[in-house]
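In: Here is a sequence together with a model predicted from it:
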2 protein chains.
Amino acid sequence: MLVPPKKNQYALRAIFELAKHMDQGPVKISEIATAQSIPLRFLEVILNQLKASGIVDSKRGFYGGYFLVKPPNQVSVGDVMRFLSRDLSPSDCIACVSKTSCPFDGQCAFSSMWIRVKQATFNIYDETSFQDLIDREQDAGWSSQQ
Amino acid sequence: MLVPPKKNQYALRAIFELAKHMDQGPVKISEIATAQSIPLRFLEVILNQLKASGIVDSKRGFYGGYFLVKPPNQVSVGDVMRFLSRDLSPSDCIACVSKTSCPFDGQCAFSSMWIRVKQATFNIYDETSFQDLIDREQDAGWSSQQ
DNA sequence: AATATTCCCGACTATTAAAGTCGGGAAGAA
DNA sequence: TTCTTCCCGACTTTAATAGTCGGGAATATT
């Protein structure tokens, strides 16, 4: 309950992996898939979609792969999550906001609470950059210091 | 994405309805279903489950129905949400907390962020009592002032 | 030019959880 | 004893997520 879809988690982990390889040239999908234990063909779909966000870009051919467009401190988890929910109906993003999700069409006692929950969530997403994530991994000693 | 399941929303709305009828004797499932636009047979299942939480209780027969055990200011949204996720695996409640949901078994850069999101969410749930919800409905003029 | 490598694209299938239904049984009141 | 209401288990349906597949298009190497 309330856990982000696996697709979103895969997207975040893939971008995190790209962030760790910033300025080292394109990273192949297969490398990312291995490093982050993501099903290869599924990751293809995900990364390909993410290009439309302007967060990542790609290059084909021998030395091809994916790479981050902006430095990791200028990309936040919020950017990714917002993009992945771009063409969802409002009622899939927040409860009690439309007739389909609420019999009172948002004029209900709960709506302000749902809005606050969403805001609190995105506050955290927005203040978490991929550089922050790299730093946390370092600080915790989890990075396999390649 | 990230919207609580309809079942949970139904549960909250049903309890909200009970809260509004506090000290007026048991409320029939059919009344609740009508007032809150919840499928009747589904609501039967939900309310019946909720009895195990100690939040509601019921009485059968002619003047039977459901009622709140404690006054609305002593029951929070958090109580309900927590109960409804009681027998979910940890990985269904939060991302990156076990091997099944995270290849690094929680030792990953994202885990602290997911934990913070969950905490922020439940902070809001916990500080929202059903009396608060009644008051909000009143203040907004949405209650059908019976 | 030929080949190898990599991303690209659309369509497809599989799996799972959520949502909702149903028939009949038990308690309680009139 | 009848009516009303909750109770219980099993069942079906629906929809979203997750994941796969075959082949095509760039790009670089030889």
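Out: Done, it's in.

In: tell me which parts of chain A are close to DNA strand D?
Out: Within chain A, the positions lying close to DNA strand D (Cβ under 7 Å from any atom of the strand) are A:5-8, A:10, A:39-42, A:44-45, A:59-64, A:92. For glycine as for every other residue, the C-beta is placed from the backbone atoms N, C-alpha and C.

In: What ranges in chain A fall below the confidence cut-off?
Out: A:1, A:144-146 (pLDDT under 70).

In: now the strands: where do they sit in it?
Out: With strands called from DSSP state E, chain A shows them at A:56-59, A:65-68.

In: Please indicate which of the residues of chain A next to DNA strand D are buried?
Out: The neighbour count (16 or more other Cβ atoms under 10 Å in any protein chain shown) marks A:7-8, A:10, A:92 as buried among those.

In: out of those, who's nearest residue B:24?
Out: Nearest to residue B:24, judged by Cβ to Cβ, of these is residue A:92 at 36.4 Å.

In: Can you verify my assumption that residue A:102 contacts residue A:111?
Out: Yes: with contact defined as Cβ atoms under 8 Å, residue A:102 reaches residue A:111; the gap is 7.2 Å.

In: can you list residues touching both of these two?
Out: Here residue A:102 and residue A:111 have A:95-96 as joint contacts, going by Cβ atoms under 8 Å, 6 or more residues apart in numbering or on different chains.

In: Tell me how far residue A:15 lies from residue B:67.
Out: Separation of residue A:15 from residue B:67 (Cβ to Cβ, to the nearest Å): 51 Å.

In: Identify the residue spatially nearest to the residue lying farthest from the centre of chain A, adjacent ones excluded.
Out: Relative to the centre of chain A, the most outlying C-alpha is that of residue A:104, 32.4 Å out, by Cα atoms, centre = their mean. Leaving aside its sequence neighbours, residue A:104 sits nearest to residue B:142 (Cβ to Cβ, 6 or more residues apart in numbering or on different chains; 7.1 Å).

In: Stretch A:21-34 near chain B at all?
Out: No: using Cβ under 8 Å from any Cβ of the partner chain, stretch A:21-34 never reaches chain B; the gap is at least 10.4 Å.

In: Pull out the buried residues from that stretch.
Out: Across stretch A:21-34, burial judged by 16+ other Cβ under 10 Å covers A:21-22, A:26-27, A:29, A:32-33.

In: Which of these fall in helices?
Out: The helices, defined by DSSP state H, take in A:29, A:32-33 from the buried residues of stretch A:21-34.

In: Kindly indicate which of these lies nearest residue B:131.
Out: The shortest approach to residue B:131 among these belongs to residue A:32, at 50.2 Å (Cβ to Cβ).

In: my guess is residue A:92 contacts residue B:6, does it?
Out: No: between residue A:92 and residue B:6 there is no contact under Cβ under 8 Å: 11.9 Å.

In: Name the residues of chain A found near DNA strand C, please.
Out: Proximity of chain A to DNA strand C (Cβ under 7 Å from any atom of the strand) is limited to residues A:1, A:26-30, A:44-45, A:47-48, A:51, A:58-62, A:64-66.

In: rerun that using 10 Å as the cut-off
Out: A:1-3, A:26-33, A:40-45, A:47-52, A:56-67, A:101 (Cβ under 10 Å from any atom of the strand).

In: which of the strands of chain A is buried the deepest?
Out: Neighbour counts (mean count of other Cβ atoms under 10 Å in any protein chain shown) averaged over each of the strands of chain A peak at strand A:65-68, with a mean of 21.

In: touching chain B at all, that one?
Out: No: shown here: strand A:65-68 not in contact with chain B (Cβ under 8 Å from any Cβ), separated by at least 15.4 Å.

In: Report the distance from that strand to the chain centre.
Out: In this view, strand A:65-68 has its centroid 15 Å away from the chain centroid, taken as Cα atoms, centre = their mean, to the nearest Å.

In: same deal with stretch A:67-77?
Out: Relative to the centre of its chain, stretch A:67-77 is centred 11 Å away, using Cα atoms, centre = their mean.

In: Which positions within that stretch qualify as buried?
Out: Of all the residues in stretch A:67-77, those buried under the rule 16+ other Cβ under 10 Å are A:67-68, A:72, A:75-77.

In: need the helices for chain A, in chain order.
Out: Under DSSP H, chain A gives helices at A:6-20, A:29-36, A:40-50, A:77-84, A:90-93, A:111-126, A:130-140.
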